[in-house]
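Novice: Structure here, sequence nowhere to be found:
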């Protein structure tokens, strides 16, 4: 059976966390790197949203008693849903904390808070820095309300929810990476040593190197890359 197809963009944080979960699940996908200024027709047809990440799953079923097969297609075009699809299929590191189902609910709530609330403030912070606006400090302080929450969690244990890595860690990682890059010197001197440790451990890991590897654009070369965790 054909591999699932993942349309991805290397530095998009949503596509990044989808790749992180797929890597952790050790499930192979056919990776198609794209740029949003030149979207493949196949990607647009797969999802009306036409933005990464998009996961295309081919599901095959037999005709009614006849020879041959028909193929139906399922598309997942939300990054968190792709993460959950990957980890529900295979979760060798138990990122979903299967023995504690209530923890998954808590993880999803934290991720939602950051996706909705922190992301808005992060974008404002990025714009303030890029366009030299006079509200840079205020924008940073608005982000720090959420950063402090993570620092507190990481003071208590190595990862966000326990001594063991979770879905929340890899879901938030790309956005905390963005935060750390906006005012690099300020961040390095900031009062968040546990967050810095947590982020550095990821950024320096072989996993992150593999997930962030640069591939030829699929539209230009037509060659799919088999992406799988190791």
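Specialist: Sure thing, it's come through. Just so it is clear, the structure is predicted and the values come from calculations on it, not from any experiment. Residues are numbered from 1 along each chain as shown.
Novice: Checking the nearest residue to residue 190 once chain neighbours are set aside next. Helix, strand or coil?
Specialist: The shortest distance from residue 190 to any residue other than its chain neighbours is 7.7 Å, reached at residue 196 (CB to CB, 6 or more residues apart in numbering). Where C-beta positions appear, they are placed from N, C-alpha and C, glycine not excepted. Of the three states, residue 196 takes helix according to DSSP: H, G, I helix; E, B strand; the rest coil.
Novice: Could you do residue 92 as well?
Specialist: Under three-state DSSP, residue 92 comes out as coil.
Novice: measure it to residue 51 for me?
Specialist: Distance from residue 92 to residue 51, counting by CB to CB, to the nearest Å: 30 Å.
Novice: More neighbours: which of those two?
Specialist: Ranked by neighbour count (other CB atoms under 10 Å), residue 92 and residue 51 place residue 51 first, with 18 against 10.
Novice: helices and strands around the helix or strand where residue 181 lies, which ones?
Specialist: In this structure, residue 181 sits in helix 167-182 according to DSSP states H and E. Under the contact criterion of 3 or more CB pairs under 8 Å, 6 or more residues apart in numbering; DSSP states H and E, helix 167-182 touches helix 13-25, helix 79-89, helix 101-113, helix 119-130, helix 136-156, helix 184-188, helix 193-203.
Novice: Most tightly packed of these?
Specialist: helix 13-25 (a mean of 25; mean count of other CB atoms under 10 Å).
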